[in-house]
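*Asks:* Prediction below, plus the sequence it came from.
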Amino acid sequence: MKLDTGSRQAAFDYANKGWAVLPLLPNKKEPHFDLCRSAYLSATTDHKLIDFWFDYDPNINIGIACYKSGLVVFDIDFRNGGVIDERFEPTYTVKTGDGYHLYYQANQSDVFAGKLETGIDIKWKGYVAAPPSIHPSGAIYTLIDDRDPIVLPQQLRELATK
């Protein structure tokens, strides 16, 4: 399945927000190492480089480097027992293959644990796949709540930091 030209525009839109993007393999969550040798460390907001990626392989998925973008993302997977509860205030939200990514603004001085609890991973030093990428299951990452990410609530920050 070939991604439409909306994927390129989505990558530009993320870059315009100051979010560093990276190319992922088509229909995968792994970095496209032909295009970004250092994975999420190669993430950029440079439109010319993003154009090059899509010219090279129009089927790429898009990733967002969390730390480099000032974000922390809570990856809630229902199949692993993750739940969304009152700890999570409404923020920028993406539907994934089997759950949600909840994006929050983070202090770059914070150090986050890898997991909040079973079924809830914390993506901070790495990256997340972003809409309209295609999950390996065939599901499309879909934006559910397009408000700007809110600052990580203090109570959740205390639970998530080391």
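*Replies:* On my side now, so go ahead.
*Asks:* Just the helices from the chain, written as ranges.
*Replies:* Ranges of helices in the chain, per DSSP state H, are 6-16, 47-56, 154-160.
*Asks:* where does the protein dip in pLDDT?
*Replies:* 1-5 (pLDDT under 70).
*Asks:* Which parts of it are strands?
*Replies:* Here the chain has its strands, by DSSP state E, at 21-24, 61-65, 71-77, 92-95, 99-105, 115-117, 120-123, 127-130, 142-145, 150-151.
*Asks:* In CSV, list the ones you listed along with distance to Lys48.
*Replies:* All C-beta spots, glycine's among them, are computed from the backbone N, C-alpha and C. As requested, the strands of the chain are exported to CSV (distance: least, CB to CB, whole Å):
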stretch, distance to Lys48
strand 21-24, 13
strand 61-65, 16
strand 71-77, 23
strand 92-95, 26
strand 99-105, 26
strand 115-117, 37
strand 120-123, 27
strand 127-130, 20
strand 142-145, 25
strand 150-151, 32
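*Asks:* out of those, which comes closest to His32?
*Replies:* Evaluated with CB to CB, these place strand 21-24 nearest to His32, the distance being 4.1 Å.
*Asks:* neighbouring contacts of the closest one?
*Replies:* 11, 14-15, 30-32, 35-36, 39-40, 42-45, 50, 53, 57, 60-65, 127, 129-130, 133 (CB atoms under 8 Å, 6 or more residues apart in numbering).
*Asks:* Could you list the alpha-carbon positions for it in CSV?
*Replies:* This file holds the C-alpha atoms of strand 21-24, laid out as CSV (Å, rounded to 0.1, in the frame of the first residue of the first chain):
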residue,chain,number,x,y,z
VAL,A,21,10.9,13.7,12.5
LEU,A,22,12.6,10.7,11.1
PRO,A,23,11.8,8.2,8.3
LEU,A,24,10.6,4.8,9.3
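*Asks:* Show the contacting residues for the most centrally placed residue in the chain.
*Replies:* Centroid check for the chain by CA atoms, centre = their mean gives Val128 as the closest residue, at 3.0 Å. Shown in contact with Val128 (CB under 8 Å, 6+ apart): Gly63, Ile64, Cys66, Val73, Asp75, Val94, His101.
*Asks:* tell me which of these is nearest to Val83?
*Replies:* Of the contacts of Val128, the one sitting nearest to Val83 (CB to CB) turns out to be Asp75, at 12.8 Å.
*Asks:* just to revisit the earlier point, comparing the helices of the chain, which comes out most buried?
*Replies:* The highest mean neighbour count among those, using mean count of other CB atoms under 10 Å, belongs to helix 6-16: a mean of 17.
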